[in-house]
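Enquirer: based on what follows, work out the 3D shape:
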Amino acid sequence: MVLLQFTWGWWMQTIPKLPVGPRVDAYNLHKSIGLTILALVVVRLAWRLLHDPPPLPPMPKWQRHAARVNHFMLYSLVLAMPIAGYLGSAFSGYPVKYFGWTIPAWSAKHESLKELMSAVHLTLALVLAASVLLHLAAVVKHTLEGGSALISRMAWRRGPGMIGIKSAPRVLRRRMRYG
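Expert: All right, here's what the predicted structure looks like:
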């Protein structure tokens, strides 16, 4: 969804401002998908706070640190981008619509704040693109080096030996340990 949003966001900039219909429709779809991503990221972060990730396979300390920093950046950016986009829209004076439903306005038009949020949204998009590219480069590097342990760490389903107390939610692990 994030890659779709990135591509859609760049493409919709090329739509002529007149007639307004196609451009407004493109922006409203972009906003709707962005708000959906925001909701999904909040759910994902809640899940992540309750569940430890599988351990990283052996790797140099700098790579482990780089992985953690980049994951933090990806989570932060995917959370901050829709917020900045929403605020830019709220300050634009135009209604914010979520798949056709108008979200009640809570702010009057404020051109300087709209411009600030648009600049923040664009900057975050560029930093997110760099973080995604770095992440993909790491995937390619580890795959070429035979990093099957690292790639299997990302799988939805874990092998039989990987399900255990560490993969259970933190609350359940506490109960499993102490009864």
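Enquirer: all contacts plus neighbour counts: C-alpha atoms, from now on.
Expert: OK.
Enquirer: tell me what whichever helix or strand Thr123 is part of is packed against?
Expert: Using DSSP states H and E, Thr123 sits in helix 111-144. Helices and strands touching helix 111-144, by 3 or more CA pairs under 8 Å, 6 or more residues apart in numbering; DSSP states H and E, are helix 61-90, helix 148-153.
Enquirer: which residues sit against stretch 37-48?
Expert: Residues from elsewhere that reach stretch 37-48 (CA atoms under 8 Å, 6 or more residues apart in numbering): 1-2, 75, 78-79, 82-83.
Enquirer: scan these and report the most crowded one.
Expert: Neighbour counts for the contacts of stretch 37-48 peak at Pro82, which has 23 neighbours (criterion: other CA atoms under 10 Å).
Enquirer: distance of it relative to Leu38?
Expert: In this view, Pro82 and Leu38 are 6 Å apart by CA to CA, to the nearest Å.
Enquirer: angle of the helix holding Thr123 against helix 61-90?
Expert: If you take axes from the mean of the first three to the mean of the last three CA atoms, to 10 degrees, helix 111-144 sits at 150 degrees to helix 61-90.
Enquirer: would CSV of the helices and strands packed on helix 111-144 with mean pLDDT be doable?
Expert: What follows is the helices and strands packed on helix 111-144, written out as CSV (pLDDT from 0 to 100):
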stretch, mean pLDDT
helix 61-90, 95
helix 148-153, 71
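Enquirer: for Asn28, which of those is the nearest?
Expert: helix 61-90 (9.9 Å; CA to CA).
Enquirer: and the following helix or strand past that closest one, what other elements does it pack with?
Expert: Reading on from helix 61-90 to the C-terminus, the next helix or strand found by DSSP H and E is strand 96-98. Applying 3+ CA pairs under 8 Å, 6+ apart, one finds that strand 96-98 contacts helix 20-50, helix 61-90, strand 101-103.
Enquirer: distance to Lys114 added to the ones you listed, as TSV?
Expert: Putting those into TSV (distance: least, CA to CA, whole Å) gives the following:
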stretch	distance to Lys114
helix 20-50	15
helix 61-90	5
strand 101-103	17
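Enquirer: to Leu136, which of those lies closest?
Expert: That would be helix 61-90 among the helices and strands packed on strand 96-98, by CA to CA, at 11.0 Å.
Enquirer: any weak-confidence spans in this protein?
Expert: Within the chain, the segments meeting pLDDT under 70 span 147-148, 154-179.
Enquirer: what residues does stretch 70-82 touch?
Expert: Contacts to stretch 70-82, defined as CA under 8 Å, 6+ apart, come from residues 2, 31, 34-35, 37-38, 41-42, 45, 121, 124-125, 127-128, 131-132, 134-135.
Enquirer: alright, that wraps it up for me.
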